[in-house]
Each structure stands twice: as C-alpha cells, then as structure tokens.
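1. Pasting the sequence and the predicted coordinates here, then a few questions.
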Amino acid sequence: MSAPPSFLFVDDEARILSALRRTLRREGWEILLAETPDEALALLRQRPVDVVVSDQKMPGMSGLQLLAEVARLCPGAQRVLLTGWPEEVPRQRLAQLGVSALVAKPWDDGDLKAVLRAQLEG
Amino acid sequence: MSEITSSAHIVIVRPGSDRPEGSDPHGTLRALRGLGAGVRVDVFDSAAAGLAASADADLVVVDGGSPGEAEALLAQARGAGPPVLAVAADAADAAAVEWFRRGAADCVVAGVDAGQALASVALEQLRRTRGERERRRVADRLAWLETLNAAIVSEIPAAIAVVDDAGRLVTANPAFTAAWGSSGRLPGRRLDEVLPSELLETGAIPAALERARAGHPAVPALARGVAPDGSPIFYDVRAQRLDDEGRALLLLADVTERETLAKRIADLRRYNENIIQNLNSALLVVDTRGVITFANAMASQILGAAGDDPRGRSVWDWFSNAQGQGALLARSLQRGERFRGAETILTRADGSVVPVGISCAPLVDADGTRLGAVAIFQDLTEITLLQRQVLQTEKMASIGQLAAGVAHEINNPMGFIHANLFQMADYLSDLRRLWSQVGDLRKTLDDGQVEGIRRAGEALEALARELDAEFVLDDFEKAIRESQEGSERIRHIVRDLRDFSRADGEERVPADVNQCLDSTANIVWSMMKHSVVLKKRYADLPPVDGFPMQLKQVFMNLLVNAYQAIEERLADSGERGEIELVTELRGERVIVAVSDSGVGIAPEQLDRIFDPFFTTKEVGVGVGLGLSTCFSIVRKHGGSLRARNRRPHGATFEVVLPVSPAAGDAERRG
C-alpha cells in the first residue's frame, strides 16, 4: 500500500488551518500544517509533499512569494493559492509561477475538495 | 458834607515856626479838627517835613510864614498836588496877592473870627479837590477803555462792523476791512453791497441784525461763504444792538476749521456706525457686570432679539458663565483678559442653541479704568454643519482606506466559521446515525432477548468506531469553540467600526483618551499587522473634556499616516516597521504621541503638513485634509498638534490636549 497523498497548508490564521483539517479529514490524505512561510519552507527542506496550499496575505512573505520558493525546493509539488481576494491576484503571475489553482476564501466545501482532488490527478 | 469829610486828610505846615509845641495861635488846628471825626489832621513844623507827608493829602494849610518859605508846597499845588490854603498872620494885601500869585488856592487872615472862615474855606477846598480827582479818574478810565476797545477791535480775528438802521456800515475793524474792504472805503456803504451775495443768501446775517435791532438776545447762527479756492467758509454770526438809533454791532467769526472738523467727526462717526452696523460679525459691548451697552444689527439677530433692543440686558441671559468656553467670557469681563477664536454656544430665549466663535477684548478708558469688554462673534451654525459633514466624509474616506484590511480581518473568521458549519453539519448527521442506532438498542432492550441486545450493542459500537465518535464529539466541541471565537472577533471589528463611524453630539463629554486611541488602533491594526509591530505604553489618564469621535478621527489619521510612511519606506522589503503609541499626563495636559519608523517628513514640508489640501500622497490616495483636520480638531479642544522627525527613521506626531478647555486657555496664555 503506497503512502497517502500529502498536503501542506500554510496560513497565518491557525483557525483556518484547523477548519481545513476538519474539512478534509475523511479524504484519507496526510495533512501537514504551517502557520508561517518560514515554517513551511523548513518543513519542505526535510521532506517533499504532493500539494502545497498557501494563503496569500501573510507577514514577511506573500503566498505567491512562498509558492515561488516552493517550486525551487520541491519542484514536484502542485501549488494552490487560497485567498480572500482572488480577483486581485494577477493571472499572468499565476501562470508564470506555475500555480495550478486559485481557491477563494471563504471556500465552498465541495469546490475545495474538487480542486484539491484534481491536483492529485495532474 | 459828611461824604467830603468822612476820610479827608489835611496837612498843616507851620514853616519857620519857633512857636512852642502844641500852641495854636490862629486857632487853625482847632478849626480844622472841628470839621469832623473823619478828618485826619497832621501838623508839621517845617515845610520840608510837610512836603514829604502831603503828596496824598487832600489839602495843605500853611499856617503863618511867608509864601517864600512855602514855595515847595505851592509848587506841588501848581502841579497836580493838593491845593494850598494860606493862613496869613496880617491882613496886608500885598502878602495875600503874593500867596495867590504863587498858586495858593485861598488865603485867610488870622483873627478873632478866623476859625469859622477857615473851616468853610477848607471845606470848599476839600470839595473842589475831591471833584477834580474824580473827574481825572473817570477820564483816565475812559481813555483806558478806549485803548482796550481799539486794541480788541483791531486785533480780534473776527470781522466786526457797526451797521446803522438803514443797513449802512458805520465803521469796520481791520479784519472786516481785510476780508471785504478791498473795493474801497467802507463807512457809508451798504452791507449788502460789501458782503458777497452767497454769504447773505443763507439769511443768517440779515436775520441776526433784525433780531438785534428788535432788542432780542442773539442766537447762534452760521453763515456759509465760499473761499477763492471754492471750498466752503463758515462764519459764526452774532449781532448786538448798540443804541436807540438802530445801530448794531455785527460780528462774523471764521469757524471753518471748527465746522470742518465737526463735519469730519460726524462723517467718521457715521462711517464707523455704518461699518459696525453692517458688519457680518456680531459686535457686543458690555459693562463690567455683563450688561449689554451696545449691540449691532448682527448681534441682535444672532441673539434672536432682532425685534427688541438687547441693550440693558445681561449677557448671561444668552451665554453660560458656568463652564467651558463661556467661563472665558466671564473671566474676560471680570479680569479684563483677552481671548481670541474660542468656540461656545449661546442659548436664545426660545431655547434654541447657536454655536458661535467668539473673541473678546477688554474695554479700557484713557486712565486705564476697565469699562467692560467688546465681544465679536460669528454664527457658526452653517460652518459647524459643514465641518461636521467634512469630518464625517473624512472619516468615511479613512474607513474606505481601511476597508481592505478590515475585510481581510472579517474574511478569515468568516472563512473558518463557514467551513466549520459544513463540518458541524456532517458531525451532526454522524451523531444522528449513532442516535438512531441507540434507538435500535433500546428496542432490543424492550424485547428483553439477550442475543438481540448483544447484536445491537455490537452494531452501535461498530458504528461508533466507524464514525470515530470520540473524535467527532471532541472536534464538534472544538469547532463550536473556534467558530464562537471567530464570530466574537467579527463582532468586535464591527463594533469598533460602528463606534468609529458615529458622529459626536454638540456638547463636550468626558472622553477616555486611552480608549479612543486603543479602539482606533484596533481598527487600523487589521490593515497593518502584516507589516508593522505595534507598541503601546498608556499612562493612567483623567477624562478629557471633549468630542471622543473627533479624537478618534485624529488618532485614525495619525495612525494611517504612520502606516503609509512605513509602507513608503519598507514596502516589499520584508522588513517590519514599528509604530509606538504613548500616552502620558503632564500637569493639566494629556499627551498622545504616535511615532513611526517610516520615511519621516521632508524638512521643507514640516511647516506645511497641517495646511488644508497639502498632500504628499498620490492622486486618489487622500484629499489632503487629514492633518489639517487633525489640527483643527485638536485646536477645537484647546490643544496643540506638533510633528517632528525621529532618528534614524520616521516621525513623531504629538497631540497635546488640555484636560478641560479652561486649562488649555491657561496654557495658551502662560
């Protein structure tokens, strides 16, 4: 039996992380959480993950900056941006960085699950 | 007889006499003493002594001796001196003739009845002397009066003329001649030919002469002439009846200067009154007790007393002297203090309230005695409304700037509450499945069949395992707790926003400055928390008499500015800026300092940053009213706002607020 798919969620809001874990607990995935970009990068230096989902607005580093960094550290990981203001994120920049999906906050339960499942198929 | 002898002085001289002291061989002394008690008689035994004493005497009697011996006395008589009466020892005609020839007034021959004769002759002489002296005195007085008169008439600057009943000039003084005598000799000519027609046109001169001839007392009258340069000349006209032949004295005094001055004063007065009455500001003059002594039209209008005169009423009928800015007015009246640009309210008789901006100055007379005060005030109703609108607009604009941050701050809890609700619905359906299994179990209990009970129990346990019931219960509780906390956060943000967007009332209220600062910082915090470290150091502060919503506006503007200054310096650098909020109490003043580590203020802009519409921000970022609004709000509180740069980066804005307006006033004066 192969290891379950691993997801790393990054958000400076601990309650968001808690709600994400709750939402996805039945998916059978390995859920990793980081409250700061630094914490996320430290974790990725130790092990790869299949998908990184990051908040956009965070102290010190934006979500896009983090995802760019993730591409370097962990080239195989799918990258998803989770943001309250999806319309403010430049599409061009998303494409440049190879970010594969954008999820609006607050998210719709079904939509979120569908987007994340799709990452595993890509 | 008595009036002649009441104070007569007779000097008796007995020349060359070797007669014993006190002897009176001719009865001369007795006869003269007999003239009356008022007659003073002095006796001298030498002509020289007699001469010395006789200059002021009324009569000199030479008793015996020869005319030669009495020559000095006779010479004095020939001048203007007292007359000499000789008493001759013998009756020789030659001797008598000689006395008369040398100037004696009379000669009496000593003898048996000589006393009687001497007395009557002496009396006659005294009468004559007295008469002569009186005439001379009158003549002298007359001559002096004539001299005085001539001097006055010729030297007085007024033109004087005597006019007869036919209106002809009898005589005129030099001033009159100088003015109107250029065409030739004046006496005999008609006044209406001599004086210019425009001077007579007003009718003042003929009327004055008419009144004088009729014997009526003079009344002040003014005649108007024209000077060669065309400017008006004014004459004060007076006429006085001189005699029964209808002659009258006419006096014309040039009062042009006085009249011009009077007119100028009247003009000036009218001019000032015009200004004061039409002033767009209200002007009140009050005495030291606060009783209104003057009010211009605008003052009456603002006081709501347009119909009736507010003079005589107390200024305290409108203003409150108990507290706030009204106390300034009271102090200005009581102690003569001056203040400018205070804002207060006045209450009209109908109860309506008018906000006014008022300045007050003591009214002092030339000796420095305080008479009261002058107050100038403006109706601020419209300005206040406008100001309030601007304030509210500004406030809403700053909320607009914060919207993104605030929305983010609301969006995060919304996000997890929303997700949690989904999960809680899942948990609830899990729990329902368990509950329905519990129902099955109960049914088997009713049946009482052990096998059924055991199977149902195993099924319940299996389901609980499948659903991870233990975890579901724990996590359900956790999800509720976290969602509650999230909704609490949203509630706080909304409350702060609502609190911030409210407007103040008209009246000052005790404001908790720390609370105002802190709740405002909470709103701004959401915007800046990713790029700023916020430090707070609050002191225990007494409440400040003021407008808390406006103070929040000030703090908001300062905080937003601080944040923008930090963004400008550190944007995209990943480095965090710092904002420090410090409050402290210094005497009667509360100090609020907002310091940042931003770009600071360019030195050349330091004195302009509080100007309205001055902005360093890009178009669309602000309207440039932020700091000038802060400045005017702080000033309205009687405080001050200062800015300075910090080292190595950033700026500090310091708000100084007096605990009460009176304290602020004391500070401004101090």
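-> Great, that's in hand. Residues are numbered from 1 along each chain as shown, chains lettered A, B, ... in the order given.

2. Tell me the pLDDT of residue 75.
-> Going with chain A. On pLDDT, A:P75 comes in at 90.

3. My question was about chain B, not that one.
-> B:A75 is given a pLDDT of 89.

4. List the contacts of it.
-> By CB atoms under 8 Å, 6 or more residues apart in numbering or on different chains, the contact set of B:A75 is B:G103. For glycine as for every other residue, the C-beta is placed from the backbone atoms N, C-alpha and C.

5. Okay, now the unreliable bits of chain A?
-> A:1, A:122 (pLDDT under 70).

6. Which helix or which strand is home to B:A266?
-> helix B:256-278 (DSSP states H and E).

7. what sits up against that helix?
-> B:L222, B:A227, B:P232, B:I233, B:F234, B:L283, B:N296, B:A297.

8. Test of understanding: give the bridge partners of the spatially most central residue of chain A.
-> The residue lying closest to the centre of chain A (CA atoms, centre = their mean) is A:V53, at 0.4 Å. When bridges are called by DSSP bridges, A:V53 pairs up with A:F9, A:V80.

9. In contact with it, which residues are there?
-> A:F7, A:L8, A:F9, A:V10, A:L20, A:R79, A:V80, A:L81, A:L82, A:V103, A:L116.

10. Just give the number of residues close to the last one.
-> Going back to what we said before, that points to A:L116. Residues lying near A:L116 (other CB atoms under 10 Å in any protein chain shown) number 22.

11. Redo the contacts of A:V53 as CSV? Include distance to B:A539.
-> Shown next, in CSV, are those (distance: CB to CB, whole Å):
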residue, distance to B:A539
A:F7, 49
A:L8, 46
A:F9, 43
A:V10, 40
A:L20, 43
A:R79, 49
A:V80, 48
A:L81, 45
A:L82, 43
A:V103, 47
A:L116, 52
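
12. who wins for neighbours among these?
-> When neighbours are counted by other CB under 10 Å, A:V10 leads the contacts of A:V53 with 28 neighbours.

13. Go ahead and confirm that residue touches A:V51.
-> No: using CB atoms under 8 Å, A:V10 is not in contact with A:V51, being 11.4 Å away.

14. Look up how far A:V99 lies from the residue nearest to the centre of chain A.
-> 10 Å (CB to CB, to the nearest Å).

15. do B:L74 as well
-> In terms of CB to CB, B:L74 sits 158 Å off from A:V99.

16. Could you do B:C107 as well?
-> 166 Å.

17. who's more crowded, those two?
-> The neighbour comparison of B:C107 against A:V99 (other CB under 10 Å) goes to A:V99, with 23 against 20.

18. ok, now which ones touch that one?
-> Counting by CB under 8 Å, 6+ apart, A:V99 touches A:L64, A:L67, A:R79, A:V80, A:L81.

19. so where do the helices sit in chain A?
-> Secondary structure of chain A (DSSP state H): helices located at A:14-23, A:37-46, A:63-73, A:91-97, A:109-121.

20. Quick check: residues of chain A near chain B?
-> Residues of chain A that fall close to chain B, judged by CB under 8 Å from any CB of the partner chain: A:13, A:15-16, A:18-20, A:22-23, A:57-61, A:84-85, A:105-107, A:109.

21. Only the buried members of these: can you turn that into a ChimeraX selection?
-> Selecting only the buried entries of the residues of chain A next to chain B in ChimeraX, with 16 or more other CB atoms under 10 Å in any protein chain shown as the criterion:
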select /A:13,15,16,18,19,20,22,23,57,58,61,84,105,106,107,109
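
22. What residues does chain B have near chain A?
-> B:404, B:407-408, B:411-420, B:422-423, B:475, B:478-479, B:482, B:485-486, B:529-531, B:574, B:576.

23. Can you tell me which of these are buried?
-> Buried among these by 16+ other CB under 10 Å: B:407-408, B:411-420, B:422-423, B:475, B:479, B:482, B:486, B:529-531, B:576.
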